[in-house]
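K.L.:
need the 3D shape of this:
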Amino acid sequence: MTPKVIRTSIVEDDPTIRETLRALFTFEGGFELFTVHSTAEDALLRLHDRCPDVVIMDINLPGASGIDLVRQLSRRCCATQFLMYTVHDDDHRVFEALKAGANGYILKGSTPDEILEAVRELHLGGSPMSAPVARRVVAHLRPQQGGGVADAGLTEREQQILALLAQGLLYKEIGDRLGITVGTIKQHIHRMYEKLHVQNRTEAVNRFFGR
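P.N.:
Okay, here's the model as predicted:
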């Protein structure tokens with residue numbers, strides 16, 4: 001019996017990456033390039049009455065994001081598997097994508113063979129993730145010991161700041177991303193340290209990730 005080809009759609013706004021993926025799934029055996037889109041809106045329009053087996057998508061798209069697209073398209077295409085393909089591995093985007101309905105999450109920089117294998121694994125019912133992403137998921141799910149973040153009473157804003165600190169961002173960079181001042185960030189951090197009973201960034205981050 002001939003193996004079923006995997007019908008694959010691509011949603012990517014970067015033309016170079018989009019064409020690279022197009023070529024990869026056009027010429028690789030066992031795949032059918034179903035559709036290619038540069039925006040979430042175009043994907044929603046063209047996939048409204050037909051669904052691929054797998055959708056590979058970026059997160060940062062012009063207009064609606066890839067996470068928004070997963071959330072909406074997964075309601076129409078119940079059997080479709082969604083693979084995020086992005087440069088972002090921060091906690092917020094990873095978990096928002098997974099909560100929206102993404103089944104896998106790999107980082108740009110993955111080799112062509114890794115991309116193909118991820119799609120195959122996804123189609124077989126797996127949940128492929130790049131190693132840094134998998135480590136974040138495992139750390140997030142690991143039970144906190146000795147009174148971790150789960151029972152420390154951190155606010156949502158404090159957890160956002162702590163997640164950005166874990167990525168190595170400076171106070172100004174965090175402020176620019178969250179739209180708050182450096183002084184406000186320092187106030188949040190001071191309260192976090194008190195709640196977590198730690199003295200510095202490293203201790204706070206280790207406590208946050210359960211390391």
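K.L.:
contacts and neighbour counts: CA atoms only from here.
P.N.:
Fine.
K.L.:
give me the pLDDT for the residue most central in space within the chain.
P.N.:
Nearest to the geometric centre of the chain sits Val94, at 3.2 Å (C-alpha atoms, centre = their mean). Here, the pLDDT recorded for Val94 equals 87.
K.L.:
doesn't Arg135 make contact with it?
P.N.:
No. Between Val94 and Arg135 there is no contact under C-alpha atoms under 8 Å: 11.4 Å.
K.L.:
which residues touch the residue nearest to the centre of the chain?
P.N.:
For Val94, the contacting residues are His88, Tyr105, Val133, by C-alpha atoms under 8 Å, 6 or more residues apart in numbering.
K.L.:
same thing with Met192?
P.N.:
Leu154, Glu158, Ala204.
K.L.:
among the residues you listed, name the ones in helices.
P.N.:
Using DSSP state H, Glu158, Ala204 are the members of these that sit in helices.
K.L.:
which one of the contacts of Met192 is nearest to Pro52?
P.N.:
Glu158 (39.7 Å; C-alpha to C-alpha).
K.L.:
pLDDT averaged over the longest helix seen in the chain, what's the number?
P.N.:
Longest helix of the chain, by residue count under DSSP H: helix 182-196. Mean pLDDT, helix 182-196: 87.
K.L.:
and the strands in this structure?
P.N.:
6-11, 31-37, 54-57, 81-86, 104-107 (DSSP state E).
K.L.:
mind giving me TSV with these and columns for mean neighbour count?
P.N.:
Conversion of these to TSV gives the following (neighbours: other C-alpha atoms under 10 Å):
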stretch	mean neighbour count
strand 6-11	23
strand 31-37	18
strand 54-57	25
strand 81-86	26
strand 104-107	24
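K.L.:
can you redo those strands as CSV with distance to Gln187 and mean pLDDT?
P.N.:
Formatted as CSV, the strands of the chain follow (distance: least, C-alpha to C-alpha, whole Å; pLDDT from 0 to 100):
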stretch, distance to Gln187, mean pLDDT
strand 6-11, 40, 97
strand 31-37, 44, 97
strand 54-57, 38, 96
strand 81-86, 32, 94
strand 104-107, 34, 92
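K.L.:
burial of Asn206, as a residue count?
P.N.:
As a burial measure, Asn206 scores 14 neighbours (other C-alpha atoms under 10 Å).
K.L.:
follow-up on the earlier one: can you put the contacts of Val94 in TSV and add distance to Thr39?
P.N.:
Formatted as TSV, those follow (distance: C-alpha to C-alpha, whole Å):
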residue	distance to Thr39
His88	18
Tyr105	19
Val133	24
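K.L.:
nearest to Ala43 among the residues you listed?
P.N.:
Taking the contacts of Val94 together and measuring to Ala43 by C-alpha to C-alpha, the closest member is Tyr105, at 19.0 Å.
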